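Student: give me the fold of what follows.
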Amino acid sequence: MLANQGGDDPDPTSPPPSSPSQSPTPSDTPTPEVTRVDVTALNLVGMDCGTATSTLKSAGFDSDITCTDGDPAATDDKVGTVYRVAPSGNVETTQPIALTVYAPRAALPTPTDAPTITGDPVAGSTVSIAWGTGFTCPSGTTLSGYVVSLQNGTFVSGGPNFQPTQRNTQVQVADAAGQQLIVTYQGMCSGGDQRTSAASPPLSVPIVAAPDPGEGDDGGETAG
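Tutor: Below you'll find the model as predicted:
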């Protein structure tokens, strides 16, 4: 009997032995470098919005930079200039920056009342003119005086500028019968600087002729 002298042949249908799998090596991700800038040292206060924004971008900021109106300016030259920066100090260049600028000034109101007259506007006579009941300075400012303008009249004393406590004066009417005595006034407000309002509605009254000194005399002698 013949003996099987060879080993068992491998099953041709068996899969080849698998090699051990290797885990993927994690990639090395660099940590982003943090850049900080001393915002205070940029001296943004006093700049306009555009200049301040350009200064921040030139310093390395690529974040959102906003400009917002804040308090009304005390003077015209301060309107639109930066007075507050947030945040301040050493700030990351990716952090948003909020700039607050001075808002436009509150407009002065126009006086609502016309001046008033006491006395008849007779040519060459003196009348009393009063003003100022229809004017109030806006919040944040104070009344600093009045400017009174005349046509066909002259101030007996002082004028045209008057202190805030004075609201009447004596005016001599021009010798201009048939024409108009015209008076307006403006209010002045101070708060950072002094501003003057637009003119009030006018007082306009016709000037009447003075009575003829001889009017009423019979002009003749009585016969004896």
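Student: next one: stretch 186-200 to chain centre, how far?
Tutor: From the chain centre to the centre of stretch 186-200 is a distance of 15 Å (Cα atoms, centre = their mean, to the nearest Å).
Student: report pLDDT for the residue most central in space within the chain.
Tutor: By Cα atoms, centre = their mean, the chain has its centre lying nearest to Pro104, at 1.4 Å. Looking at Pro104, its pLDDT is 91.
Student: ok, it to Ala74 distance?
Tutor: When distance is defined by Cβ to Cβ, to the nearest Å, Pro104 is 12 Å away from Ala74. For the C-beta atoms, the positions are set from N, CA and C on the backbone; glycine is no exception.
Student: just Gly134 next, same as before
Tutor: 25 Å.
Student: those strands in this protein, which residues are they?
Tutor: Remark: strands assigned in the chain by DSSP state E are 36-38, 65-72, 82-86, 90-92, 97-103, 116-118, 126-130, 142-151, 153-155, 161-162, 168-173, 180-190, 194-196, 203-206.
Student: as a markdown table, those with mean neighbour count would be great.
Tutor: Listed next are the strands of the chain as a markdown table, based on neighbours: other Cβ atoms under 10 Å:
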| stretch | mean neighbour count |
| --- | --- |
| strand 36-38 | 14 |
| strand 65-72 | 14 |
| strand 82-86 | 17 |
| strand 90-92 | 15 |
| strand 97-103 | 19 |
| strand 116-118 | 14 |
| strand 126-130 | 17 |
| strand 142-151 | 18 |
| strand 153-155 | 16 |
| strand 161-162 | 16 |
| strand 168-173 | 20 |
| strand 180-190 | 21 |
| strand 194-196 | 15 |
| strand 203-206 | 15 |
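Student: the ones you listed: which one's closest to Asp212?
Tutor: With Cβ to Cβ, the closest approach to Asp212 among those belongs to strand 168-173: 17.2 Å.
Student: quick one, phi psi at Ala106?
Tutor: Main-chain torsions, Ala106, degrees, to the nearest 10: phi -70, psi 130.
Student: now it: how far from Asp71?
Tutor: 11 Å.
Student: any idea how far the residue nearest to the centre of the chain is from Tyr146?
Tutor: From Pro104 to Tyr146 the distance is 25 Å (Cβ to Cβ).
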